[in-house]
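[1] my questions concern the predicted model and sequence given below.
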Amino acid sequence: MSSKKKDELTSFEWKVLRTTAGIPLGQTRSYKWVAKAIGKPKAVRAVGQALNKNPFAPLIPCHRVIRENGALGGYAGGAKRKKELLQLEKEIVQKLRQRP
DNA sequence: AAGTACCGTTAAA
DNA sequence: TTTAACGGTACTT
């Protein structure tokens, strides 16, 4: 799977995408959290960039990654969209909780 | 509060 | 090849 060789993406991207994809539904993490998880707590900017160019487009919950500050940060489809997405996911979790 | 430095990749010149 | 920019964060003014 994730070889050190270049397929289309670099190891950095793989780590970012993998980590982002591992975020549970209805949950959010900060760019810093992701950056740290991949071993580059300073590359928060690079992380954001990787998500922006997200090769897995809508298949990766890049919208679950927000700012450490609490702000949503940016989003390829629009920060507005991101906000709605998070809200929707939150509701889904709520529904699952009330009727297992 | 505002500006600067830094991370890693892509696009442009 | 070199420069600029970006979906951030922390440090310094």
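    That came through, no problem.
[2] can you give me the helices in chain A?
    Secondary structure of chain A (DSSP state H): helices at A:11-21, A:31-37, A:44-52, A:79-98.
[3] can you name every helix or strand that the longest one contacts?
    Judged by 3 or more C-beta pairs under 8 Å, 6 or more residues apart in numbering; DSSP states H and E, helix A:79-98 has no packing partners among the helices and strands. The way it works is simple: take the backbone N, C-alpha and C, and place the C-beta from them, glycine included.
[4] so how far is it off the chain centroid?
    15 Å (C-alpha atoms, centre = their mean, to the nearest Å).
[5] and A:Ala71, how many residues sit next to it?
    When neighbours are counted by other C-beta atoms under 10 Å, A:Ala71 registers 10.
[6] quick check: residues of chain A near DNA strand C?
    Proximity of chain A to DNA strand C is assessed by C-beta under 7 Å from any atom of the strand, with A:30-32, A:42, A:44-45, A:48-49, A:51-52, A:54, A:62-63, A:65, A:67-69, A:71, A:73-76 identified as the residues in range.
[7] weed out the non-buried ones from these.
    With neighbours counted using 16 or more other C-beta atoms under 10 Å, the residues of chain A next to DNA strand C contain these buried positions: A:30-32, A:44, A:48, A:51, A:54, A:62-63, A:65, A:73, A:75.
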